[in-house]
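# Structure for this input, please:
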Amino acid sequence: MTPRDRLNAAMRFEPVDRLPVLTFELWPDTRQRWTSEGMVSEAEEFALFDGPMQSCWLYRDSQRPIPGFVEEVLDETDLYTDARNCLGQVERRLKGSMSMPHFLEYPLKSRQDWEEYRNRLDPDTPGRYPDDWAECVIRRKTTDTGEIRGVAVWGFYGFPREMFGPEALSYLFYDDPTLIAEMNEWWTHFTMRRLEKGLREMDFDYALIWEDNCYNHGMLHSPDVFKKFMEPGYRKLIEFFHKHGIEIVSVDSDGNVDQLIPLLLDVGVTAVHPFEVAAGMDVVALGKQYPRLLIWGGLDKRALARGPQAIDAELKRVIPAMKRRGGYAAGLDHNIPSDISLQNHRYFVKKLLEMA
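Numbers count the residues shown, from 1 in each chain. Presented below is the predicted three-dimensional model:
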């Protein structure tokens with residue numbers, strides 16, 4: 001089976017030659033460590049995987065503001081760099097660290113800011129598609145290699161959070177609900193309009209909606225907030241995906257998604273990832289609780305740092321049960337940190353493929 005055939009069959013709970021196996025990205029300092037330990041290329045290390053956990057076609061560049069903000073370094077020390085990115089955010093990145101950036105400033109602070117920013121989100125602006133899009137379409141139709149392709153978008157928490165930041169957004173749900181509703185209504189229109197050409201011209205295996213609306217103890221907002229501000233956009237967007245032949249819709253949220261899952265299932269989402277074990281996520285238990293939920297990930301990356309015995313135990317905890325259940329794509333529960341050696345990761349890959 002090709003990776004594409006394998007994933008699609010598994011997501012239909014049909015027989016497969018083995019489980020789909022998906023990978024997350026390396027942190028920059030992991031890449032440095034593995035190179036020092038003998039890695040020739042990431043492509044070589046991940047050659048036996050079916051594809052990335054997040055295949056993100058028509059994503060960041062396609063949904064960015066046009067014109068983008070001027071990218072510039074605002075301050076730099078021996079420890080960090082402060083820079084404005086193309087979205088208008090100011091982020092601090094620690095040097096030599098695997099940590100996520102710390103956001104110092106967000107592009108929106110008021111309704112007026114949004115009305116000006118919205119002009120940069122014209123879905124018909126030239127530049128929404130890569131220059132070689134026509135060639136990509138032809139290759140997909142004439143020389144399909146079985147590559148998994150997912151089209152990705154920001155969701156209806158993810159988008160306003162990237163604009164205002166999580167703290168300001170939490171207040172705005174109550175202080176200016178009309179503004180957030182208007183923003184998400186525009187985002188729904190913008191997303192469907194800019195994707196129309198892509199989904200008409202090329203077939204995709206799934207749609208990915210990025211949210212990150214949970215932390216290690218639960219949701220960053222209430223279920224009522226989801227139903228009021230996010231559900232309308234979800235229903236329209238999922239109907240749009242179905243219209244274009246995409247039945248698998250996966251939501252990406254780190255943290256503890258226990259409370260989020262039923263809300264997503266109710267609006268038509270079919271899959272969730274990556275199920276962080278450190279946040280209490282147990283894909284075996286969740287697989288029993290939600291028999292038709294498509295589950296991606298859920299293997300504890302911390303086991304890889306501890307070595308072969310811990311890796312064996314983690315694989316035995318998850319793989320046999322999820323293989324029997326179906327509807328599962330195996331993979332780690334987030335990006336690969338630098339406390340995992342190249343040797344341990346190779347051991348993990350070998351054992352995982354033996355069990356899958």
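# where does the chain have low pLDDT?
For the chain, applying pLDDT under 70 flags the ranges 97-99.
# Can you pull the domain assignment for it?
Domain assignment for the chain by automatic domain parsing gives 3-66+109-355, 70-106.
# how far is the last one from where the chain is centred?
Which is domain 70-106. Distance, stretch centre to chain centre, for domain 70-106: 22 Å (Cα atoms, centre = their mean, to the nearest Å).
# what residues are up against the closest residue to V283 other than its chain neighbours?
Distances taken as Cβ to Cβ, 6 or more residues apart in numbering put G298 closest to V283, at 3.4 Å, once the chain neighbours are dropped. To be clear about C-beta, it is placed using only N, CA and C from the backbone, and glycine gets the same treatment. Contacts for G298 (Cβ atoms under 8 Å, 6 or more residues apart in numbering) come out as 274-275, 277, 281-283, 318, 322, 331, 333.
# Got the phi and psi for G298?
Main-chain torsions, G298, degrees, to the nearest 10: phi 80, psi 10.
# Make a markdown table out of the contacts of G298 and add neighbour count and distance to G268.
Converted to a markdown table, the contacts of G298 look like this (neighbours: other Cβ atoms under 10 Å; distance: Cβ to Cβ, whole Å):
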| residue | neighbour count | distance to G268 |
| --- | --- | --- |
| P274 | 27 | 20 |
| F275 | 27 | 20 |
| V277 | 22 | 27 |
| M281 | 24 | 22 |
| D282 | 15 | 24 |
| V283 | 26 | 21 |
| V318 | 25 | 27 |
| M322 | 21 | 23 |
| G331 | 26 | 23 |
| D333 | 23 | 24 |
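# Dump those residues into a markdown table; add distance to L108 and secondary structure as well.
Converted to a markdown table, the contacts of G298 look like this (distance: Cβ to Cβ, whole Å; DSSP: H, G, I helix; E, B strand; the rest coil):
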| residue | distance to L108 | secondary structure |
| --- | --- | --- |
| P274 | 28 | strand |
| F275 | 31 | coil |
| V277 | 35 | helix |
| M281 | 32 | coil |
| D282 | 37 | coil |
| V283 | 36 | helix |
| V318 | 41 | helix |
| M322 | 41 | helix |
| G331 | 34 | coil |
| D333 | 31 | coil |
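# quick one: the closest residue to Y106 other than its chain neighbours from I138, how far?
Spatial nearest neighbour of Y106, chain neighbours left out: G165 (4.3 Å); criterion: Cβ to Cβ, 6+ apart. Taking Cβ to Cβ, to the nearest Å as the criterion, G165 is separated from I138 by 42 Å.
# Which one of the two is surrounded by more residues?
G165 (18 against 13; other Cβ atoms under 10 Å).
# Please determine how far C86 is located from W187.
Counting by Cβ to Cβ - C86 and W187 are separated by 18 Å.
# Let me see the ranges of the strands in the stretch 51-200 of the chain.
51-52, 72-76, 80-84, 90-94, 102-105, 150-154 (DSSP state E, counting those that start in this stretch).
# most tightly surrounded among these?
The highest mean neighbour count among these, using mean count of other Cβ atoms under 10 Å, belongs to strand 150-154: a mean of 22.
# need the helices for the stretch 101-250 of the chain, in chain order.
Ranges of helices within the stretch 101-250 of the chain are 111-117, 133-142, 158-164, 166-175, 177-201, 223-225, 231-243, based on DSSP state H, counting those that start in this stretch.
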